[in-house]
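S.K.: Show me the folded form of this:
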Amino acid sequence: MASQEDRLALNRALKERLFISHEAVAVRFVTAEEMAGPPAWLEKFRRPGKGAPAKMPTCQLMAMVRLYGWQILLTPEAVDCPTALVSLGWAAMSPAYASGQLPVTPFNQTPEARGRRMGMLPRLPLGQYAALAAAPLGDCPFDPQVVVVYGMPAQVMRLVQAALFFKGGVLNSTSYGGGGCSQYLTKVFESKECRFILPGNGDRILGHVEEHQMAFSLPGEAMAELAQGIELSHQGGQRYPPTKYVRGEYKLPRDYVDASEHLRKYTAELPK
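M.R.: Model prediction:
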């Protein structure tokens, strides 16, 4: 279990070393038992229709936390995105959906190709969780199970470097250019491994992720190690923004060299 100190240390490293401009999003899956006797920390959370839109996909939820700093509880009835419903275990994968017969973007894709995509969708067990709580990492009243960070590719590169600082090797990720929540929430929660994410259309249209941004997701258990990895790799020379090398000798175009030689000659011939 991560401590508040771990959360604050990671939040500080993200802002002070990587200059992440938006809030990192801390996420926790909430069971029906917890919802029946809700913990005190849920009292001030916005809910669908109560301080938050009555209908909202997970990518919009992530944007409101990331951009506004809101604490929000998302429940299944507020979600109309089929990818999120199936991936979060809030709806069963029907044969028609699994075989690609139901049209979802791209609408001109063959059912066979769409079905293969659906077959790769990470899914939580049906009904295992009743809600999803999300809050800014720096103002998070619960122990996060997943933390999602949005940034530019070079910032995500630094997070990959930090995640590998102690163990080395490579960080593997997969993408089909969509279903971002299935990758940065479900997949990371299941695998307990860090991933870098290529957000899809939903994140970019409804979640306001910019063209130049990516995401990085980590299990809550990895917060302390990632914060240390950011600091130690920074000390080891891996910086953001990357240090530019300007000590080399540049070779300018020949015309520039000739013009410079002309000016030197002209200056030398001026009367003293």
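S.K.: quick one, helices of the stretch 1-150 of the chain?
M.R.: Remark: helices assigned in the stretch 1-150 of the chain by DSSP state H, counting those that start in this stretch are 4-16, 32-36, 58-63, 82-87, 95-98, 111-119.
S.K.: what's near enough to touch the closest residue to residue 153 other than its chain neighbours?
M.R.: Distances taken as Cβ to Cβ, 6 or more residues apart in numbering place residue 214 nearest to residue 153, at 5.6 Å, with adjacent residues excluded. Every C-beta, even on glycine, is put in place using the N, C-alpha and C of the backbone. Shown in contact with residue 214 (Cβ atoms under 8 Å, 6 or more residues apart in numbering): 150-153, 156, 196-199.
S.K.: Who does residue 214 form a beta bridge with?
M.R.: Residue 214 forms beta bridges with residue 151, as assigned by DSSP bridges.
S.K.: What distance do you get for it to residue 140?
M.R.: Distance, residue 214 to residue 140, using Cβ to Cβ, to the nearest Å: 22 Å.
S.K.: Residue 122 too?
M.R.: Remark: distance between residue 122 and residue 140 (Cβ to Cβ) = 24 Å.
S.K.: out of these two, which sits in the busier spot?
M.R.: Higher neighbour count among residue 122 and residue 140: residue 140, with 26 against 19, using other Cβ atoms under 10 Å.
S.K.: quick one: that one and residue 10 touch, right?
M.R.: No. Counting by Cβ atoms under 8 Å, residue 140 stays clear of residue 10, with 10.5 Å between them.
S.K.: For burial, what's the neighbour tally of the nearest residue to residue 64 once chain neighbours are set aside?
M.R.: Using Cβ to Cβ, 6+ apart and skipping the chain neighbours, the partner closest in space to residue 64 is residue 70 (4.9 Å). For residue 70, the count of nearby residues is 19 (other Cβ under 10 Å).
S.K.: so what's residue 70 up against?
M.R.: Contacts of residue 70 by Cβ under 8 Å, 6+ apart are 46, 51-52, 64, 135.
S.K.: Just put those residues in JSON lines and tack on pLDDT and distance to residue 129.
M.R.: Shown next, in JSON lines, are the contacts of residue 70 (pLDDT from 0 to 100; distance: Cβ to Cβ, whole Å):
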{"residue": "46", "pLDDT": "97", "distance to residue 129": "19"}
{"residue": "51", "pLDDT": "96", "distance to residue 129": "21"}
{"residue": "52", "pLDDT": "96", "distance to residue 129": "18"}
{"residue": "64", "pLDDT": "97", "distance to residue 129": "20"}
{"residue": "135", "pLDDT": "98", "distance to residue 129": "16"}
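S.K.: Of these, just say which sits nearest to residue 206.
M.R.: Nearest to residue 206 among those is residue 64, at 10.6 Å by Cβ to Cβ.
S.K.: OK, contacts around that closest one?
M.R.: 52, 56, 70, 72.
S.K.: my guess is the first one contacts residue 46, does it?
M.R.: Spelled out, that is residue 52. Yes. The pair residue 52 / residue 46 is scored as a contact, 4.3 Å apart, by Cβ under 8 Å.
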